[in-house]
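Undergrad: here's a sequence, model it:
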Amino acid sequence: MIVGQTYVSSQIDTHYDAIVIGSGLGGLTTAALMAKAGKKVLVLERHYTAGGFTHSFKRRGYEWDVGVHYIGEVHNPNSPLRRVFDVITDGNLQWAKMDAVYDKIIIQGTQYNFVAGAARFKEELLQSFPHGAKQIDAYLQHIRAATNSLPVHLGKRYLPTRLQPLAGRFGGDYFSRTTLSVMADFIQDPKLASVLCGQWGDYGLPPAQSSFAMHAVVAQHYLGGASFPVGGASQIAHHIEPVIQRAGGAVVVGAEVEQIMVEGDRAKGVRMANGDEIWSQHVISAAGLHATYGKLLPDAVGTRLKLRERLSSLKPSVSHLGLYIGLHGSAKDLGLEQANKWVYQQYDHDASLRKFMAIPHANANTVGNIDFPLNYISFPSSKDPAWDSHYPGKSTIDVISLAPYEWFKRWADKPWKNRGADYDDFKAALSEKLLADVYQHAPQVRGKVDYFELSTPLSTAHFSNYAQGQVYGLEHTPERFAQSWVKPHTPIKGLYLTGQDILFCGVASAMMSGVMTATSVLGAASVKVLPEFLGDKAKWIGNLADKLPVVGRKPAADAGSAPKLAPPDPVQHRLVARCTEVLDLTADVKAFRFVDDAGHPMDYKPGQFVTLELEVEGKRVFRSYTMSSTPTNPAYFELTVKRVEGGAVSNWLCDHLQVGATLRMTGPHGKFTCAPKPRKKLLFLSAGSGVTPMLSMARWIRDQQQSEQPQNHHSNAGEHVDTDVVYFHCARTANDLIFGDEVQAMAAANPRFVQHVSLTRSTKQDRWKGLTGYLTAAMLKKMAPDFAEREVYVCGPSGFMDGSKAIFQHAGFAMAHFHEESFGTASTVQASGGTVCFEASGIEVACSGQQSILDLAEQAGCASPVPAARVTAVNARCAKYRAMPPWPTPMDWTPTRWKTAMCSPASAL
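TA: Modelled structure (predicted):
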């Protein structure tokens, strides 16, 4: 399930009371509770869906939850955890209680069951340790005492520094001692101690390294039994989002924050990766301590406050492997149980992990000789009562194991899904190793595996933005809990922290960190939320809350500190355009200038395009062309058309369109633009007629730099454009250069605009002394040695696009800053047809196999003509395809694939 709306500058409001960076459960809980108090909160998530480790993903007709496997205490409707879940989801999140045996600890082949309820827990363990009654009683007493000391430990962090040591005396020493040390006081049987520590994978550290408080919180949390969210983990974020929206806020995905803006000693807002600046009264980071202090804060601020020095004492937690398995057969048919299995090689957890972590490197050839210190095997489809209704005849398994980040570090600079054959081979070997363990402990699934996929520490780093792919944030050592400065408040006014780094790891702790942060930010206004937590017992609090001033209805910033947002996108509309001028640019390229025949100016951003509606040879056709003009010149808009051999539309335009003729069109469309806030450094790469959006943006930048005042409302909201541009264009011969003289003049007039041209088929007549051939890595480094610092825009034929993209991926470029716009020619494809069903309308259209989905939509009358290469996933949701097998499930497609599919011939999909 995808949660959150895609980030679009024009859809961001003018002010928010708070901005939350990251949509993990800590961030979402903070936002939801603030929304309950009337605050308008914007949650910004860099991933394509919200939820952090509570999100789910789908592959090949299966669905997996990446970080939620079981949750304790929520089966009791009056437990604090359940009350918080009910408040932040309006009670819409449902829970399914798991079987009494929630964990099975398997050490050297011997199984020990953890059974819900303290009495039954003890009774079951006595079957294996008949002389351990006193030891087990002492253990249960200490984990309860350690859990009860949590409020004191956390509360002292809110006291003045000089009082914190005194308060610490009342919290005991459970946080400052290791699990091994504390348990040695009352457990004499080392095997019993090992079994009781059998859940250490839930927090990532064995007994000699972990704080006993961390161990105790996990053990006590599950002691009463466990539950699973009905419908899967993604239901958590799904039900929180409306709570945030109801107060005027939003959860936005694909929204990468580049920096937290700080003025003086106060956080004022955030700067997005695309240059947008959003200001607010409060900024709350759920991105983790290292990312917040080490990356998101300006360097000068981090240095001045010595925040990065403090980070050196906090090590990242363990990294992991995740094997996601899809099976033929339901959980019932396959006999999959609800209990999780913790599989260990030996009783000495620390020695086993120490030996494993000492392996300096591994590869596909050495995996067979490696013994994983633990493997966690879980059967999520057996826990969710709603699973069978959504995925009948299927089931899933999750396998989690540890893996040093160092094993994968050599591929860290390579892009996701394209890290090379050696990486893929390594993953395949690791997968087979883990599968072998699954077959040993669930032999009935052998021969039933339909699909599996492995995540590595690099996967976690890519999606969660954790530098070393750590799964639990910070290490949960005594040293970590000694850092009293790790709390919601920061030394910067208006900046707060939330998430697992300020409390513990795990779903419940992440949520409770949100409670801590929300109350810290709201202060006295927290009283507005208390009645929902306390129910009928708190009616008097509700009456008091009604008398408090309404919060969250005022702008979050002063009038002089207005958010610097992009202006609204130009409105797409239908128009009749009249041709006012035709220019012959080369032997096969013409430029056509138009005005709106109704007299309205064409409002657009540089790089956008229009879609023409034509009748050619008795057929109604649609073609898209980028405007090569700039919106700074409202007198006309210009389309540049290159003849294509066999191209019906391009040849018709070049042969028949004359001054005075009119055309029907829609527009403007597209997001391929650097406006209104271009980055400081840009790199434009184009080939053939792919030059048109580059020329439009180059013209716009030139005009903005030459003018002291912006030319229209898309010209950076009153800011001067200060941009350095490297411009590269690839053409066949000198005669094929489009707008070459104009671009050369731009470069001559502006030292910060550098032009490079390469010819692929130069002749002696060209007398060419410049670059030759297609773009290469060496050529790129020579033209723009600082390309890694630039925002890159690429447009051209598919071959040029693919080659360029591969160069950047191989160089380890941050592809979030790589923007591409491809084009292709209409070609005849001999293929069988089928039927396309448009789900929203129920209309079915016969398909010849040579028509694009876009053309079919227009034919059916259920979509306006919007070019496929730029159609968003939202537009694409209306289509349900019934065509030639094999056919990928539409919900598994990426937005990029949707964009391509909408204007590809149906036979090519």
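Undergrad: can you classify Asn113 by secondary structure?
TA: strand (DSSP: H, G, I helix; E, B strand; the rest coil).
Undergrad: beta-bridge partners for the nearest residue to it once chain neighbours are set aside, please?
TA: Leaving out its chain neighbours, the residue that sits closest to Asn113 by CB to CB, 6 or more residues apart in numbering is Val101, at 4.8 Å. All C-beta atoms are positioned from the backbone trio N, CA, C, and that covers glycine. Following DSSP bridges, Val101 is listed with bridge partners Val115.
Undergrad: surely Val101 and Val115 touch.
TA: Yes: with contact defined as CB atoms under 8 Å, Val101 counts as touching Val115 (5.5 Å).
Undergrad: my read: His215 touches Gly201, true?
TA: No: contact criterion CB under 8 Å: His215 and Gly201 do not qualify, at 11.6 Å.
Undergrad: ok, these two, which is more surrounded?
TA: His215 (29 against 25; other CB atoms under 10 Å).
Undergrad: now name the helix or strand holding that one.
TA: Using DSSP states H and E, His215 sits in helix 212-223.
Undergrad: which other helices and strands contact the lengthiest helix in the chain?
TA: Using DSSP state H, we find that the single longest helix of the chain is helix 421-441. Here helix 421-441 touches strand 320-328, strand 340-344, strand 374-378, strand 394-402, strand 449-455, going by 3 or more CB pairs under 8 Å, 6 or more residues apart in numbering; DSSP states H and E.
Undergrad: kindly recompute the last result at 6 Å.
TA: strand 449-455 (3 or more CB pairs under 6 Å, 6 or more residues apart in numbering; DSSP states H and E).
Undergrad: ok, residues contacting the strand it packs on?
TA: 60, 322-326, 328, 427, 431 (CB atoms under 6 Å, 6 or more residues apart in numbering).
Undergrad: restrict those to the buried ones and give me that as a PyMOL selection.
TA: In PyMOL, this line selects whichever of these come out buried by 16 or more other CB atoms under 10 Å:
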select buried, resi 322+323+324+325+326+427+431
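Undergrad: pLDDT and distance to Met272 added to the contacts of strand 449-455, as a markdown table?
TA: Converted to a markdown table, the contacts of strand 449-455 look like this (pLDDT from 0 to 100; distance: CB to CB, whole Å):
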| residue | pLDDT | distance to Met272 |
| --- | --- | --- |
| Arg60 | 91 | 34 |
| Gly322 | 96 | 30 |
| Leu323 | 98 | 35 |
| Tyr324 | 98 | 32 |
| Ile325 | 98 | 37 |
| Gly326 | 98 | 36 |
| His328 | 97 | 44 |
| Lys427 | 95 | 33 |
| Ser431 | 97 | 37 |
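Undergrad: between the contacts of strand 449-455, which is closest to Trp485?
TA: Nearest to Trp485 among these is Gly322, at 32.3 Å by CB to CB.
Undergrad: across the sheet, point out what pairs with that closest one.
TA: Beta-bridge partners, per DSSP bridges, of Gly322: Ile400, Ser455.
Undergrad: so how far is Asp802 from it?
TA: 30 Å (CB to CB, to the nearest Å).
Undergrad: returning to what we had before: going by neighbour count, list what's buried in the longest helix of the chain.
TA: 423, 426-427, 429-431, 433-435, 437-438, 441.
Undergrad: what does stretch 376-386 give?
TA: Buried residues in stretch 376-386 (16+ other CB under 10 Å): 376-384.
Undergrad: adding distance to Lys306, write the buried residues of helix 421-441 out as CSV.
TA: Putting the buried residues of helix 421-441 into CSV (distance: CB to CB, whole Å) gives the following:
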residue, distance to Lys306
Tyr423, 38
Phe426, 40
Lys427, 41
Ala429, 45
Leu430, 41
Ser431, 44
Lys433, 44
Leu434, 43
Leu435, 48
Asp437, 46
Val438, 48
His441, 49
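Undergrad: which strands and helices sit next to the helix holding His215?
TA: Using 3+ CB pairs under 6 Å, 6+ apart, helix 212-223 is in contact with helix 133-148, helix 179-183.
Undergrad: secondary structure element holding Val754?
TA: strand 753-759.
Undergrad: in its sheet, what does that strand sit against?
TA: Strand 753-759 pairs in its sheet with strand 724-731 (parallel), strand 771-772 (parallel), by DSSP bridges.
Undergrad: what about the next helix-or-strand element following the last one, distance to the chain center?
TA: The C-terminal neighbour of strand 771-772 among helices and strands, as given by DSSP H and E, is helix 777-783. The gap between the average C-alpha position of helix 777-783 and the chain average comes to 31 Å, counting by CA atoms, centre = their mean, to the nearest Å.
Undergrad: try stretch 587-594
TA: 42 Å.
Undergrad: quick check: mean pLDDT of that stretch?
TA: For stretch 587-594, mean pLDDT rounds to 94.
Undergrad: just stretch 173-181 next, same as before
TA: Mean predicted confidence for stretch 173-181 is 95.
Undergrad: kindly export that stretch (C-alpha atoms) in PDB.
TA: Provided in PDB are the C-alpha atoms of stretch 173-181 (Å, rounded to 0.1, in the frame of the first residue of the first chain):
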ATOM      1  CA  ASP A 173      21.600   1.000  37.300                       C
ATOM      2  CA  TYR A 174      19.700  -1.100  34.800                       C
ATOM      3  CA  PHE A 175      20.700   1.300  32.000                       C
ATOM      4  CA  SER A 176      24.300   1.600  32.900                       C
ATOM      5  CA  ARG A 177      25.000  -2.200  33.100                       C
ATOM      6  CA  THR A 178      25.100  -4.800  30.400                       C
ATOM      7  CA  THR A 179      22.500  -7.600  30.200                       C
ATOM      8  CA  LEU A 180      25.200 -10.200  31.000                       C
ATOM      9  CA  SER A 181      26.400  -8.300  34.100                       C
END
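Undergrad: list of residues touching the strand holding Val754?
TA: Under CB under 6 Å, 6+ apart, the answer for strand 753-759 is 725-731, 733, 743, 746-747, 768, 770-772, 783.
Undergrad: can you do 7 Å?
TA: 725-734, 737, 740, 743-744, 746-747, 766, 768, 770-773, 783 (CB atoms under 7 Å, 6 or more residues apart in numbering).
Undergrad: put the buried members of these into a PyMOL selection.
TA: To isolate the buried members of these in PyMOL, using 16+ other CB under 10 Å:
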select buried, resi 725+726+727+728+729+730+731+734+737+740+743+746+747+766+771+783
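Undergrad: nearest to His819, of the buried residues of helix 421-441?
TA: Relative to His819, and with distances defined as CB to CB, the nearest of the buried residues of helix 421-441 is Tyr423, at 26.0 Å.
Undergrad: what sits closest to that closest one if chain neighbours are left out?
TA: Trp411 (4.8 Å).
Undergrad: same question for Arg699.
TA: Arg699's closest residue in space is Thr630 (CB to CB, 6+ apart), at 3.8 Å.
Undergrad: the one you found: neighbouring residues, count only.
TA: 27.
Undergrad: end-to-end on stretch 440-453?
TA: The first residue of stretch 440-453 is 19 Å away from its last residue (CA to CA, to the nearest Å).
Undergrad: list the buried ones in it?
TA: 441-442, 445, 448, 452-453.
Undergrad: which stretches of the chain have low pLDDT?
TA: The chain contains residues with pLDDT under 70 at 14, 156-172, 531, 534-569, 707-720, 822-909.
Undergrad: domains of it?
TA: The chain breaks down by automatic domain parsing into domains covering 5-66+247-315+472-541, 99-224, 320-458, 570-797, 834-908.
Undergrad: quick one: contacts for the closest residue in space to Ala35 that isn't next to it in sequence?
TA: Spatial nearest neighbour of Ala35, chain neighbours left out: Ala247 (3.8 Å); criterion: CB to CB, 6+ apart. Ala247 makes contact with 35, 38-40, 552, according to CB under 7 Å, 6+ apart.
Undergrad: which one among those gets closest to Ser464?
TA: Looking across the contacts of Ala247 and measuring by CB to CB, the closest to Ser464 is Ala35, at 24.3 Å.
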